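Colleague: the sequence isn't on hand, but the structure is:
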């Protein structure tokens, strides 16, 4: 927990959106939540019932007429006693109520993400769910929202729990064999059944690791529009983006730098990248742009190539296009398009949607971020190392695999990254 914060104090904050608004929700969490209600309303309302009440400060001056709720722990969002004040959403009203709360002994303003951190500390959600909640707050596309909800609702936690159950059952078999044979000189190796269980679990972890990463959902699929000079790249970027974001000119070499344009295709995040035309001639400034274009192509998830097929640097990642099809005679194969007449544009969007969809995590899957993948890879490596060894060493590898999986949901060894995670949340979350 960050400096100045402690789990024993009672915290409060505005937990709703920006003011002014129709309603402002102020949340109080901790052992003094009931005291806050009594201080401002003069009574403690019935549990889990919205009650109308007049709020007054310590001098008796009326602050607002509001709905209040008393939510005793541990069955709350944070696992602690919670009080909520549903106010008229003006800035002055909210500021007055927050000021009145700050005068109550034992109460202080919450830090960023502190409500969620307390929920994690009190077992109301695991670390993967907290990450999903952070992703949900940042979601901008439908695919991002769906994956964030799946993570926040415990999708990864349930998957890890299933892996853990299988791992624990296997560990129990090994430990039992070791205990039974502890006085024997020759402890038996893995049975065929145990080898099959171990291999099956290792295969499932390996399968999870080859799924498309969560980062593509956050950052977008990188689509680079590339080809020779004056091929119509900037015009295509503008057409796909639906607005003029790149300078389109008949003069060769107009684009000198990388232009990145976030777009959403059928609810999926993408990053369109306009690049300098590839050619050997040109001045020093243009050559810098060409070098950046080649670097962008190397990092691309997908390439829209407006040029000859044999010149494409990464043909396996490319969709071959024949631009300016309304005025130019066919020079090579590829999908004929024209941003002027619209020829082939609907077909191109359809192809893009299918290719992008294949690069993103499946709708029913739980997307893994870099931290999840690293820990699953560690667990998989331990399982693979346990295949043909002494049972005592096998038991140790299985224990290490359990520790790695525990770190995914926050049951072990995650203190080093908690501040960074919960710092992503707003003050009232």
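Modeller: Here it is on my side, so go on. Owing to the predicted nature of the structure, the values given are computational and were not obtained by experimental measurement.

Colleague: can you show me the helices along the stretch 151-300 of the chain?
Modeller: 155-180, 192-209, 215-219, 233-241, 284-298 (DSSP state H, counting those that start in this stretch).

Colleague: buried deepest among these, which one?
Modeller: Each of those was scored by mean neighbour count; the highest is helix 233-241, a mean of 23, by mean count of other Cβ atoms under 10 Å. C-beta coordinates here come from the backbone N, C-alpha and C atoms, glycine included.

Colleague: who does that one touch, helix- and strand-wise?
Modeller: Under the contact criterion of 3 or more Cβ pairs under 8 Å, 6 or more residues apart in numbering; DSSP states H and E, helix 233-241 touches strand 221-226, strand 259-265, strand 268-274.

Colleague: deepest-packed of the ones you listed, please.
Modeller: Compared across these, strand 221-226 shows the largest average neighbour count, a mean of 25 (mean count of other Cβ under 10 Å).

Colleague: tell me the neighbouring strands of it, and mark each as parallel or antiparallel.
Modeller: Sheet pairing for strand 221-226, assigned by DSSP bridges, gives strand 268-274 (parallel), strand 302-305 (parallel).

Colleague: once you drop chain neighbours, what's closest to the residue nearest the centre of the chain?
Modeller: Within the chain, one residue has its C-alpha closest to the average C-alpha position: by Cα atoms, centre = their mean, that is residue 135, at 4.1 Å. Nearest non-adjacent residue to residue 135, counting by Cβ to Cβ, 6 or more residues apart in numbering: residue 148, 3.8 Å away.

Colleague: same question, residue 63
Modeller: Leaving aside its sequence neighbours, residue 63 sits nearest to residue 55 (Cβ to Cβ, 6+ apart; 4.3 Å).

Colleague: give the other helices and strands that the longest strand belonging to the chain contacts.
Modeller: As assigned by DSSP state E, the longest strand anywhere in the chain is strand 62-71. Packing partners of strand 62-71 (3+ Cβ pairs under 8 Å, 6+ apart): helix 33-41, strand 51-56, strand 82-88, helix 91-102.

Colleague: what's the offset of the longest one from the middle of its chain?
Modeller: Meaning helix 91-102. Between the centre of helix 91-102 and the centre of its chain there are 34 Å (Cα atoms, centre = their mean, to the nearest Å).

Colleague: mind checking how far the helix or strand following that helix is from the chain centre?
Modeller: Remark: after helix 91-102, the chain's next helix or strand is strand 107-109, criterion DSSP states H and E. On the basis of Cα atoms, centre = their mean, strand 107-109 sits 30 Å off its chain's mean C-alpha point.

Colleague: swap in stretch 223-236?
Modeller: Centroid separation for stretch 223-236 versus its chain: 31 Å, with Cα atoms, centre = their mean.

Colleague: perfect, that will be all.
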